[in-house]
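Trainee: predicted model and sequence follow; I will ask about them next.
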Amino acid sequence: MEVTPVVSVSGLSKRYGATWALRDVSLEIAPGEVLGLIGVNGAGKSTLIKILSGVTRPTGGEIRVDGTPVDLRDPLRAQEAGLQTVHQDIDAGVVSGADVAANLTLDALAPGRSGVFVSRDRTRAAARAIAEAARLDVPLDAPVESLPAGVRQQIVIARVLSRRPRVLILDEPTSALSAAEIRVLIAMVRRLAADGVAVLYVSHRLSEIQELCDRVAVLRDGAIRRVFATPVEGPRLVEAMLGGEVGALTHEVRDGGEPVLRATGLRTRPGAAPLDLTVRAGEVVGVTGLVGSGKTELLEQLYGARPLVSGALDLDGRPYRPRDPGAAAAAGVAFVAEEREAQAVLPGWSVRAHVTLPRLRDHSRIGLLSRRSESAAARRVIEVFGVRGPGPEAEIGALSGGNQQKVVVGRWLEGRCRLLLLDEPFRGVDVGARADIARRIRERAGALGVVIASSDPQEVLQVADRVIVLHDGVRTGEVSAADASADRLATLMAGGADEGGGT
Amino acid sequence: SQKSPGTQSAAAPTDTSTHRPTEQVPEKFAKGGVHIALVRQLSSGDYFEQWLAGAQAEAKALNVTLDVSSGDDNNDKQALNLQQAVGNKADAIIVDHGFAQTIQPAIKKAVDANIPVVAFDVDPGTPQAVTLDQDDHQIASQALSVLKQDTGGKAKVVYAYVAGFAPLDRRNETWTQFKKDNPGIAQVAKIGVVNSSTASAVADQAKAALQAHPDVTAIFAPYDEFAKGATLAVNELGLQNKVKVYGADVSTADIGVLTAAKSPWTATSATDPANVGRVAVRAAALRVAGRQVATALKVPPTLITQQALRDHGITNVQQLAGAFPALETPDVAPVPWK
Amino acid sequence: MTLVTDGSPEAPPRAPAAARLATAGYRYGLLVVLVAVTVFFGAARSSFATYDNLLIVLQSVAIVAIVALGVTVSMTAGGFDLSVGANVSFVVMVTALAMVRFDLTGATAIGIGLLAGLLVAGVNALLVVVAGVPDLIATLGTMFLFQGLALIITSGQSVSAGMTIGGRPAPGRYTSGFTWFGSGTVASVPVPVIVMALLAVVAYVFLNNTRWGRALYAIGGNAQAARLAGIRVGRYRALAYAVSGLCAAVGGILLSARLGRGDVGAGDPYLMQAVAAALIGFAVLGANRPNVVGTAVGALFIGVVINGLTMLNAPYYTQTFVQGALLVVSLVTSFTLTPGRRR
Amino acid sequence: MTLVTDGSPEAPPRAPAAARLATAGYRYGLLVVLVAVTVFFGAARSSFATYDNLLIVLQSVAIVAIVALGVTVSMTAGGFDLSVGANVSFVVMVTALAMVRFDLTGATAIGIGLLAGLLVAGVNALLVVVAGVPDLIATLGTMFLFQGLALIITSGQSVSAGMTIGGRPAPGRYTSGFTWFGSGTVASVPVPVIVMALLAVVAYVFLNNTRWGRALYAIGGNAQAARLAGIRVGRYRALAYAVSGLCAAVGGILLSARLGRGDVGAGDPYLMQAVAAALIGFAVLGANRPNVVGTAVGALFIGVVINGLTMLNAPYYTQTFVQGALLVVSLVTSFTLTPGRRR
Ligand SMILES: Nc1ncnc2c1ncn2[C@@H]1O[C@H](COP(=O)(O)OP(=O)(O)OP(=O)(O)O)[C@@H](O)[C@H]1O
Ligand SMILES: Nc1ncnc2c1ncn2[C@@H]1O[C@H](COP(=O)(O)OP(=O)(O)OP(=O)(O)O)[C@@H](O)[C@H]1O
Ligand SMILES: [Mg+2]
Ligand SMILES: [Mg+2]
């Protein structure tokens, strides 16, 4: 029996200047089906989703909903057609300056969705219902900009779910979520699918894709290369994505040499128990913990982006107490912030300018910038990190999210660096690129100390030599990567006692 | 905002009154506590400062308190200030400039409340109020008479004018008539801007006009900011020998420009603002004392030429009165008890 | 346009009591200064703290406040209407011409005035929404255009009853019905004050309690998010300019009625004053965003200071300075005490 | 990377040739209008397109352009300096007082003038950087403060040689060296034009080719990203205000030298004009951000239109309108043809 697909696209293409972000893409999703969409950074996943959600218009091709062609001229049209989307960029979903309740009920402001007058009580009641339906527990009157990215992402998801989607489109919804939150989301998606909702699911986490999807479509260079039916083995997916093999992400655990950073009596936040931390040259220290466990707070203190709560630091044997990020950067400390869009990207700026921003002094003489030196640096980053895109002069926005991340990480390794602090560096980065970034970092790690924070224990184990686990701002354990497992880390992350090894 | 056109600057509060008291000081004034409200359209600028200085000096001499308020170029605010003065039961009110239509309803309230009103340079719309004016038609015609004499009645002229300012509009009427009477005088360009940097803006325009009309020999700029701008333009183009400027009004700064070496500004016609301020206060005080005052007081202007200023070695407005005694008008609204 | 500064060092953690005091200072800084100033003037001059004088202060700020309400609404949607001053001038001229030159009734003149305000708003909306010109630049263009147009329609002259047009006297005059809007009273309260109060209440309800107001704030907070949530961003921005244009038109009509004549450039100073009131309003009640209560307080603040200083016979040239100094003091207390300084 | 900023529909795909033309229109819209206007005026009046008149036009915009350069720099760092007009007024008064009242030399007066400009900048920097007051509000406060101060230091009077102070004539006068800066020439080019050209080149290099300029643009683009890249945001914002204050001070010195006296409020109109020039500059060369070339073109645009219309004997009241209309036309061509409309 033929089931009419809820949504089908045929011959869809999209051109940006000289690059074809999508070419001749045809896909359909049946009711109750979960279709996975994977591909390396820049493959065109988000472009497809932006077209389906009415954000951009295709260069060519046709979209049908329930068999009828539709013109998705703006987001409202797409929503009216039942296509509800969670976009990759979290900050495109929340309104800063408004509280959680207002953000959860933002949709009610679209035409015809509510009466003229709104009251605080009714808004809060509606928001509470939406949050409960999505199993979301946040204070409704908190200003959204005060919340961590994961919570903001959950707010956006909750709001989209409240629209009762016929087609639910999720673009990397889990990139900012912790394991527990991912499990809640996956269960929810399953339930919706069972109720007949069609789901398009984009993620770089292959385990989620394998667990959740009925079929998996693989995009490469803007075209659909393969469509697998599940179950499918991970390596086959990776091969289809990359067009070749990737080496397994393993590494030899190292001990490290001289201490680069020695910290004593640090606290993630006032009132938390103090902790000591030593980072040696040549080693990669992982920091993991659930969302809100204090990873960002710890790293930002080391970088001077947040006042030191307590304790003393020294760098290469000299006392180090950065007043601000400028002082930290001058001392040879580098920091890649958690939220790329808000904390690293300058809209409209070229890749070259992003690369040289932290080290403008190295590229200038008596203050005058040398274009040649800048371009050389940018080209090195592009080459070493395999940044796919139109080159050093391209606007950063023309790169896909993962490639932007490579630029933002890679720029710090251009020039003197003693200590590299990375906060969630693999968010939204494809497996191939992740391996690239990890490999480059480990290559350079011979001369510097590296701290990588991530809420994904798996990810940490793949690159770190030693892992520190935080729970609620307090260290619950420290283990060597050689004798740690993801399960053991998960126990520690949940606040459980450390039953062996470590300190 | 700064000064508005058609207002000039001159001598300071030196009390040059030579009158002897001919009467007893009325009781009201002797014991003090007389409040005269001065309700102004504008305050900033030399003209208004000098005017106020004169008014305050006279008030002090008459033992009167002057309550000053300014509309700061907001006519609505001026009307409200007037309303407030009525509410506060001032003994007399002086209205200094303003728009007739805007200020008349409030003046009417004052008159209805039996408060004497002196209106300077604005039509009060009621015969119960004293009107005080400087003669703008005469100001324009005095300057133009020099222009006519210098050019022999034949010249291409650049004219500076902006509509909407009562004194300039009156001076414009004279200019229009003058052109009709003197067919040899041709207006080839009209320029004019009014803002707080009027002089430099007018200079830029005048330069463009002089560039476009190389045969111009005179600029008629009947407002001192215009005249200063025109002078600046002529100087910057190096046309001092060819183009002369005929203006109106006078201030210390104007005297500096007028008497500078090779200045093209030849003549100006003006009243003394401090003197006008004194006259206004005298008229108001007379009405407070219940004396009769002519319902229309006029202060005539004086022609001031570059030559005369040089001859007398005058450098500021305080010295003007000595050389041009006609600027002082003690016999307009004299106070018999002073 | 960002109104919020970044990069300033974070405030250190505070003890609860001090924090509460700081929050109070933050929220009420400007109000405290306003009250203090009022008390001071009242003590210095008994005639200051009277009902009659209150009405005069209110009347002196009524038109500014009305125009500032429009500016506030345009700001909520992330816009900025630089054309309000020119709009007021234009409406003053248009209403004057309607009555004086074309001898139309006061009601017609009001209608034409409102339409003129909407015309200005329409040009703004076309430039910003359809042509995609950034707000500040677009409304700057509109400002020049209508400042110029206000001059051209009368050849740069003021319009008043009895003026001559082409040699003949103008047929009409300001009707008494029309001037009532400027100087009439209802139960001793001047009409402009009543209009201001009504509009402030309407604007308050509009911005805080209707779907449209919340949509405008959402657009100002994050236009992209608003669009993705299905809000028709373009239409709302046009709506914001329409409100701003209408408020300016009402201000222009009241000013015209107050003046009793069409005065060249009469509305131009209202741009700066309205923007000042709206910006000062940011600091009120810790909102740090455009808000109706803040704008009203901002307008009142200016009015009280000037009225009080005039009563004290302070020379005009000290007034601007005192106003600036008080403003700076209250800004500093407001913003240095801001709880989340970094945002 | 922004998906949308407004609700305007995306431009339809274009054929390459048309796209190139559109891009040209976008980048050069304002320049094309400027050239067209110049050609038109040149054809209508032979005296327009002469070297002498070019110098006249340049001189008429020199001070505005210099002040606008400062505004541009303050905008690059995401700020907005509303105090420049008051700054110019203040510097005019201070230099006049220095020479006329205190009989100091021209060089000293210039030094004091520059210090006065830095003082204004210092207050701005304190308010914005240290107290964390949003830029527009802080500089508005500073504007009132120094507008007031400029009046107070002279009790509201203008300062000119020969004025009496406390009954005695002031001892000094404008020195000829000082006035040379206003009306002197070097090889027939007026000094203000030379100063403008020098400052424009310096500002261009500073913003486009030095690391400081890059840092300022970074702060304007995303202050948090700049901070986390190790840029000392606070210091750079203070630097931006210092540059803005110094430019305004230079403008004030030139204006003072040209006027030959300290005129009350002489600098106030420069705020609007400078902001206009800087904003118009956004549209030049497709930059859509503050830029030196754009600001210079913006200032020139205003000067050319006024000069040409005056030459054509167009009445003053048509000039604002024509200026506005030309501006709107070039904005519309610039922005409707923008390739990435939705940025
Ligand atoms: N606005 C744009 N202008 C120009 N090129 C763009 C634009 N948006 C995307 N592209 C290009 O289109 C291609 C596809 O980008 P897209 O964002 O769809 O990738 P993606 O598969 O979602 O990658 P990621 O996993 O990193 O999010 C990339 O080469 C990108 O550089
Ligand atoms: N679910 C939540 N609701 C409200 N506030 C939270 C939540 N989770 C964390 N926070 C707060 O947000 C702040 C951010 O903590 P921090 O960013 O250091 O955590 P993290 O371990 O880096 O988390 P993430 O994985 O989101 O980066 C903390 O002060 C915490 O109190
Ligand atoms: Mg993507
Ligand atoms: Mg974090």
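Mentor: Structure's in. What do you need? Ligands and ions are numbered 1, 2, ... in the order given.
Trainee: right, and chain D sits closest to which residue of chain A?
Mentor: Using C-beta to the nearest C-beta, residue A:329 is the residue of chain A that sits closest to chain D, at 2.9 Å. Any C-beta I mention is one placed from the backbone N, CA and C, and that applies to glycine too.
Trainee: now name the helix or strand holding that residue.
Mentor: Using DSSP states H and E, residue A:329 sits within helix A:325-330.
Trainee: roughly how far out does that helix sit from the chain middle?
Mentor: 25 Å (C-alpha atoms, centre = their mean, to the nearest Å).
Trainee: now for that helix, which elements pack on it?
Mentor: strand A:333-336 (3 or more C-beta pairs under 8 Å, 6 or more residues apart in numbering or on different chains; DSSP states H and E).
Trainee: is any residue of the strand it packs on near ligand 2?
Mentor: No - figure legend: strand A:333-336 not in contact with ligand 2 (C-beta under 6 Å from any ligand atom); closest approach 12.7 Å.
Trainee: got a list of contacts for that strand?
Mentor: A:299-300, A:302-305, A:315, A:322, A:325, A:328-329, A:344, A:358, A:408-409, A:412-413, A:417-423, A:425, D:228 (C-beta atoms under 8 Å, 6 or more residues apart in numbering or on different chains).
Trainee: and if we set it to 7 Å?
Mentor: Outside strand A:333-336, the residues that touch it by C-beta atoms under 7 Å, 6 or more residues apart in numbering or on different chains are A:299, A:303, A:305, A:325, A:408-409, A:412, A:417-423, A:425, D:228.
Trainee: what's the most distant pair in those?
Mentor: A:408 and A:418 (19.0 Å; C-beta to C-beta).
Trainee: those two - which one has more neighbours?
Mentor: residue A:408 (25 against 18; other C-beta atoms under 10 Å in any protein chain shown).
Trainee: just to be sure, that one is in a helix?
Mentor: Yes - under DSSP: H, G, I helix; E, B strand; the rest coil, residue A:408 sits within a helix.
Trainee: now it: how far from ligand 2?
Mentor: Separation of residue A:408 from ligand 2 (C-beta to the nearest ligand atom, to the nearest Å): 16 Å.
Trainee: what pLDDT does that residue get?
Mentor: Residue A:408 is assigned 92 on the pLDDT scale.
Trainee: in contact with it, which residues?
Mentor: A:336, A:340, A:344, A:354.
Trainee: give me the subset of those lying in helices.
Mentor: Among the contacts of residue A:408, DSSP state H puts A:340, A:354 in helices.
Trainee: between the contacts of residue A:408, which is closest to ligand 3?
Mentor: residue A:340 (12.0 Å; C-beta to the ion).
Trainee: pretty sure residue A:473 is touching residue A:268, no?
Mentor: Yes - assessed by C-beta atoms under 7 Å, residue A:473 is found in contact with residue A:268 at 4.1 Å.
Trainee: what stretches of the stretch 201-343 of chain C score poorly on pLDDT?
Mentor: Regions of the stretch 201-343 of chain C meeting the criterion pLDDT under 70 cover residues C:337-343.
Trainee: which strand or helix spans the closest residue to ligand 1 within the stretch 151-300 of chain C?
Mentor: For the stretch 151-300 of chain C, the residue closest to ligand 1 is residue C:224, as judged by C-beta to the nearest ligand atom, at 13.1 Å. Per DSSP H and E, residue C:224 falls inside helix C:223-228.
Trainee: centroid-nearest residue for chain A?
Mentor: residue A:427 (2.7 Å; C-alpha atoms, centre = their mean).
Trainee: surely that residue touches residue A:172?
Mentor: No - in this structure residue A:427 lies outside contact range of residue A:172 using C-beta under 7 Å: 8.5 Å.
Trainee: show me the contacts of strand A:333-336 that map onto strands.
Mentor: Among these, the residues falling in strands (DSSP state E) are A:419, A:420, A:421, A:422, A:423.
Trainee: what kind of secondary structure is residue A:210 in?
Mentor: Criterion first, three-state DSSP; result for residue A:210: helix.
Trainee: contact partners for it?
Mentor: So residue A:210 contacts A:230, A:231, A:232, A:234 (C-beta under 7 Å, 6+ apart).
Trainee: next one: residue C:290
Mentor: C:72, C:75, C:76, C:278, C:281, C:282.
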